[in-house]
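Colleague: Model the following, please.
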Amino acid sequence: MITGEVGAGKTVAVRAALSTLDASRHSVIYLPNPTIGVRGIHHQIVAALGGQPLVHHATLVPRATDALATEQAQRGRTPCW
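Modeller: Below you'll find the predicted structure:
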């Protein structure tokens with residue numbers, strides 16, 4: 001996680017770090033809104049990895065966990081966010 005004042009260079013730093021990653025081995029999940037909360041983070045993970053996020057939080061956490069595990073096990077890619 002990178003935080004900082006506007007204009008501090010957060011985007012430049014992240015883009016530089018991402019450019020060094022092998023796209024065939026890493027999946028980048030971008031969370032543009034820091035106020036989305038835990039439920040929002042799980043929702044974004046499921047959606048970014050091609051799943052259909054459901055509205056109930058009780059099903060969202062296991063779906064996010066499964067999506068992350070599948071990305072690693074079946075595709076050999078490490079999710080980064």
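
Colleague: Over to the residue sitting nearest the centre point of the chain: give its phi and psi.
Modeller: Residue closest to the average C-alpha location in the chain (CA atoms, centre = their mean): residue 29, at 2.9 Å. With angles defined as degrees, to the nearest 10, residue 29 sits at phi -120, psi 110.

Colleague: Can you give me the distance of it to residue 6?
Modeller: Distance of residue 29 to residue 6, given as CB to CB, to the nearest Å: 23 Å. The C-beta positions use only the backbone N, C-alpha and C, and glycine is treated the same way.

Colleague: What of residue 44?
Modeller: Taken as CB to CB, the span from residue 44 to residue 6 is 22 Å.

Colleague: Which one's more surrounded, those two?
Modeller: More crowded of residue 44 and residue 6, by other CB atoms under 10 Å: residue 44, with 19 against 5.

Colleague: can you pull the pLDDT of the residue nearest to that one when sequence neighbours are not counted?
Modeller: Among residues not flanking residue 44 along the chain, residue 31 sits closest, at 5.5 Å (CB to CB, 6 or more residues apart in numbering). You'll see residue 31 listed with a pLDDT of 79.

Colleague: what's the biggest helix by length in the chain packed up against?
Modeller: What stands out as the longest helix in the chain, according to DSSP state H, is helix 57-75. In terms of contacts (3 or more CB pairs under 8 Å, 6 or more residues apart in numbering; DSSP states H and E), helix 57-75 is packed against helix 37-48, strand 78-80.

Colleague: between the first one and helix 57-75, what angle do the directions make?
Modeller: The directions of helix 37-48 and helix 57-75 differ by 40 degrees, with axes from the mean of the first three to the mean of the last three CA atoms, to 10 degrees as the criterion.

Colleague: Only the buried residues of helix 37-48, if you could.
Modeller: Under the neighbour-count criterion of 16 or more other CB atoms under 10 Å, helix 37-48 has 41, 42, 43, 44, 45, 46, 48 buried.

Colleague: For the fourth one, give me its contacts.
Modeller: So that's residue 44. Residues in contact with residue 44 (CB atoms under 8 Å, 6 or more residues apart in numbering) are 29, 31, 36.
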